[in-house]
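Undergrad: just a sequence and a predicted model for now, questions to come.
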Amino acid sequence: DAKTTQPTSMDCAEGRAANLPCNHSTISGNEYVYWYRQIHSQGPQYIIHGLKNNETNEMASLIITEDRKSSTLILPHATLRDTAVYYCIVAQNSGGYQKVTFGIGTKLQVIP
Amino acid sequence: NAGVTQTPKFQVLKTGQSMTLQCAQDMNHEYMSWYRQDPGMGLRLIHYSVGAGITDQGEVPNGYNVSRSTTEDFPLRLLSAAPSQTSVYFCASTSGRAGTGELFFGEGSRLTVL
């Protein structure tokens, strides 16, 4: 059973912020939220992860709600190169990936 | 560092043939795994390994064998290929025996079984 729910697709204008939501209402206390993206048919690429605090790196920001049941990945200034499928997964930080299936993700189309 | 390297990138097999997809990483990662991705679907875990000599099944292990004789290599074997195994296969690795943190993926191996 999928542990996360994401919209199938989204559009974003180039230069605007892309906000990608993810619901993970059954997340447990020791599970982290991870985001990956897959451009064309390349191997997925790690973006960011967090436990309960908001996180930011050079690629994106991750906002996790206080109850941890949902999160939003923010690409602050989307470019055409950000067009990709974005995956939100939850995994324990110990033995986590052993039980993880990546769902179909959100297909983000950045429009010129 | 080369990261995670998969070979071959493309392969066409006939039903019943056998082959091995190779995966190597040069990051000294203990955790390695294999996924398959079918059109319109996400990535499903086939097998994983938390260290040399230790392997276990993922979500869709049937028809595939793995072994982990070294930290660097994690080959995936198809003993008798079937058309249902037509897919894109990704190998991934991460540091730590338990499989934590950032998962590094290879570029994929595209397999067609006729």
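TA: Done, it's in. Numbers count the residues shown, from 1 in each chain, chains lettered A, B, ... in the order given.

Undergrad: name the SS class of the residue most central in space within chain B, please.
TA: Most central in chain B under Cα atoms, centre = their mean is B:W34, positioned 3.0 Å from the mean C-alpha point. Three-state assignment for B:W34 (DSSP: H, G, I helix; E, B strand; the rest coil): strand.

Undergrad: excluding chain neighbours, what is closest to A:G15?
TA: A:H77 (5.8 Å; Cβ to Cβ, 6 or more residues apart in numbering or on different chains). Glycine gets a C-beta too; all of them are placed from N, C-alpha and C.

Undergrad: give me the nearest residue to the residue nearest to the centre of chain B, chain neighbours excluded.
TA: Residue nearest to B:W34 in three dimensions, not counting chain neighbours: B:I46, with 4.4 Å by Cβ to Cβ, 6+ apart.

Undergrad: residue contacts, the closest residue to chain A within chain B?
TA: As assessed by Cβ to the nearest Cβ, chain A sits closest to B:F105 within chain B, at 3.2 Å. Contacts for B:F105 (Cβ atoms under 8 Å, 6 or more residues apart in numbering or on different chains) come out as A:G43, A:P44, A:Q45, B:V4, B:F90, B:C91, B:A92.

Undergrad: burial count for the nearest residue to the fourth one once chain neighbours are set aside?
TA: Take B:V4 and drop its neighbours on the chain: the residue closest to it by Cβ to Cβ, 6+ apart is B:G106, 4.0 Å away. Using other Cβ atoms under 10 Å in any protein chain shown, B:G106 is surrounded by 26 other residues.

Undergrad: returning to that earlier point: just checking, the residue nearest to B:W34 is part of a strand?
TA: Yes. Assigned with three-state DSSP, B:I46 falls within a strand.

Undergrad: mind listing what the residue of chain A found nearest chain B touches?
TA: Taking Cβ to the nearest Cβ, chain B has its nearest neighbour within chain A at A:G43, 3.2 Å off. Shown in contact with A:G43 (Cβ under 8 Å, 6+ apart): B:V4, B:F90, B:A92, B:F105, B:G106, B:E107, B:G108.

Undergrad: can you pull out the strands in chain B?
TA: Taking DSSP state E, the strands of chain B run over residues B:4-7, B:10-13, B:19-25, B:31-37, B:43-51, B:54-57, B:64-66, B:76-78, B:87-94, B:104-105, B:109-113.

Undergrad: which of the ones you listed sits most buried?
TA: Of the strands of chain B, the one with the most neighbours on average (mean count of other Cβ atoms under 10 Å in any protein chain shown) is strand B:31-37, at a mean of 26.

Undergrad: quick one: mean pLDDT for that strand?
TA: In this model, strand B:31-37 has an average pLDDT of 94.

Undergrad: re the thing from before, where's the residue of chain A closest to chain B, which helix or strand?
TA: Using DSSP states H and E, A:G43 falls within no helix or strand.

Undergrad: got any ranges where the chain has weak pLDDT?
TA: Using chain A. A:1-2, A:93-99 (pLDDT under 70).

Undergrad: actually, chain B is the one I wanted.
TA: B:1, B:96-100.
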